[in-house]
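Engineer: Quick one, fold the following:
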Amino acid sequence: MPAVTSKEVRLKSRPEGSPIAENFEIASVEIAGPASGFVQVKNHWMSVDPYMRGRMYDRPSYVPPFQLGEALQGHAIGEVIESGDPDFQVGDIVTHMLGWREYVTGPKVLFTKIDTHGIPLQAFLGVMGMPGMTAYCGFLEIGAPKPGDTVFVSGAAGAVGSLVCQIAKIKGCKVVASCGSDEKGAWLKSVGVDEVVNYKTVPNLLDAVRAAAPQGIDIYFDNVGGEHLEVALEVARPGARFAECGMISQYNATEPTPGPSNLVYIVGKSLKIQGFIVSNYASMQGQFLAEMGGWIKDGQIKWEETVMDGIDQAPAAFMGLFSGANAGKMLVKLA
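Structural biologist: Residues are numbered from 1 along each chain as shown. Presented below is the predicted three-dimensional model:
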């Protein structure tokens, strides 16, 4: 097969504060066919995720920073269109980390074949992918839920938070969810959330959460940080567990942000506060796929998607994560 022309998104400059369109550029490149041991993939869907903002800084982290002038990277799912290895056949569906481009050729070790079992392809970038596994492992392993526990979830209408809410209900918990619009709150109520707080409209976040959870909370799943974390510390019951997944309120900060003023509660309330990244739980992937797949089949898990069409829309999709433009998983459809 001859080389194919592929558009890709590159990091043109490092954002200062919130990312803007000028930080990105779209380029066209020729993608050669695969040599022995390589495969060529046409991407159908790509993911944008908040953690990618951290890779735009030039600083050490748990994943290397993006390089200026090079294509960005992220989760994607696509179809093998040419193979130089007998382990992959044309038509195989694969997931990989070489998103932000329409086509990719790479060594077979970078690609994982999947059987979708009739589940939509893009779900493997959301509910059956990294966000789903993040929600599943962080909540169950750190939150250690028990029936009757009260769970507070911030950023609850996002890809991770919305799944935490539903897993908590499956485990017999009461769920208090924070989100940024009444429309998102209505959807959360439709999937079983007990109490919803619109943090953008309530006069006082602490008062609103106290009213929603008058007996306090046993588990806090944190996607936001900042004021939400301070409120959670205030309403936590003795022995509460905090799963620190993300702090999106601080991702674009240009100056050091002050920590919660009430950290003393960690001692007095014997709190467990643990940060994590999904790769900490790689050994649980098989368990996650089996249980989440069963819940989906049984109709116990629902999800929302916000879809933008075409590689040119990838920067806008990413920037939208920080303004609350997404309901559920933000995705870019490529083919």
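Engineer: which of the residues in stretch 267-276 are buried?
Structural biologist: Buried residues in stretch 267-276, defined by neighbour count with 16 or more other Cβ atoms under 10 Å: Leu271, Ile273. Heads up, the C-betas are built off the backbone N, CA and C, glycines and all.
Engineer: again with stretch 300-318
Structural biologist: Under 16+ other Cβ under 10 Å, the buried positions of stretch 300-318 are 301-306, 308, 311, 313-315, 317-318.
Engineer: can you give me the strands in the stretch 101-250 of the chain?
Structural biologist: Ranges of strands in the stretch 101-250 of the chain, per DSSP state E, counting those that start in this stretch, are 103-107, 112-113, 150-153, 174-179, 195-198, 217-222, 236-244.
Engineer: ok, and what's touching the fourth one?
Structural biologist: When you say that, I think you mean strand 174-179. If you take Cβ atoms under 8 Å, 6 or more residues apart in numbering as the criterion, strand 174-179 is touched by 148-157, 161, 165, 168-169, 185, 188, 192-199, 205, 209, 212-213, 217, 224, 228.
Engineer: for the fifth one, same thing?
Structural biologist: The contact list for strand 195-198, computed with Cβ under 8 Å, 6+ apart, reads 156, 174-182, 185, 188-189, 205, 208-209, 212-213.
Engineer: Put the alpha carbons of it into CSV.
Structural biologist: Below are the C-alpha coordinates for strand 195-198, written out as CSV (Å, rounded to 0.1, in the frame of the first residue of the first chain):
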residue,chain,number,x,y,z
GLU,A,195,-28.4,14.8,45.7
VAL,A,196,-26.9,17.3,43.2
VAL,A,197,-25.2,20.5,43.9
ASN,A,198,-24.6,23.1,41.1
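Engineer: Return the list of strands paired to that strand, each annotated with direction.
Structural biologist: Sheet pairing for strand 195-198, assigned by DSSP bridges, gives strand 174-179 (parallel).
Engineer: Now do the partner strand, average pLDDT.
Structural biologist: If you average the pLDDT over strand 174-179, you get 98.
Engineer: Okay, now the unreliable bits of the stretch 51-200 of the chain?
Structural biologist: When residues are selected by pLDDT under 70, none of them lie in the stretch 51-200 of the chain.
Engineer: what helix or strand is Gln287 on?
Structural biologist: helix 285-297 (DSSP states H and E).
Engineer: Find the nearest non-adjacent residue to Pro19, please.
Structural biologist: Distance criterion Cβ to Cβ, 6 or more residues apart in numbering; nearest residue to Pro19, sequence neighbours excluded, is Met319 at 5.3 Å.
Engineer: Skipping its backbone neighbours, what lies nearest the residue nearest in space to the middle of the chain in space?
Structural biologist: Centre of the chain computed as the mean C-alpha position; nearest residue by Cα atoms, centre = their mean is Pro131, 4.1 Å away. Residue nearest to Pro131 in three dimensions, not counting chain neighbours: Ala159, with 3.9 Å by Cβ to Cβ, 6+ apart.
Engineer: Count the residues that sit near that neighbour.
Structural biologist: Look at Ala159: counted by other Cβ atoms under 10 Å, it has 31 neighbours.
Engineer: My guess is it contacts Lys329. True?
Structural biologist: Yes: Ala159 is within contact range of Lys329, at 3.9 Å (criterion: Cβ atoms under 8 Å).
Engineer: Find the residues that touch each one of these two.
Structural biologist: Gly126, Val127, Pro131, Trp303.
Engineer: Could you measure from the first one over to Leu188?
Structural biologist: Using Cβ to Cβ, to the nearest Å, one obtains 16 Å as the distance from Gly126 to Leu188.
Engineer: How is this structure partitioned into domains?
Structural biologist: 4-126+304-333, 130-279 (automatic domain parsing).
Engineer: Highest mean neighbour count out of these?
Structural biologist: Scoring these by mean neighbour count under mean count of other Cβ atoms under 10 Å gives domain 130-279 as the most buried, with a mean of 20.
Engineer: End to end on that domain, go ahead and measure it.
Structural biologist: 9 Å (Cα to Cα, to the nearest Å).
Engineer: ditto for stretch 49-68
Structural biologist: Terminal-residue distance, stretch 49-68 (Cα to Cα): 19 Å.
Engineer: Check stretch 147-155 too.
Structural biologist: Start-to-end, stretch 147-155 (Cα to Cα) is 23 Å.
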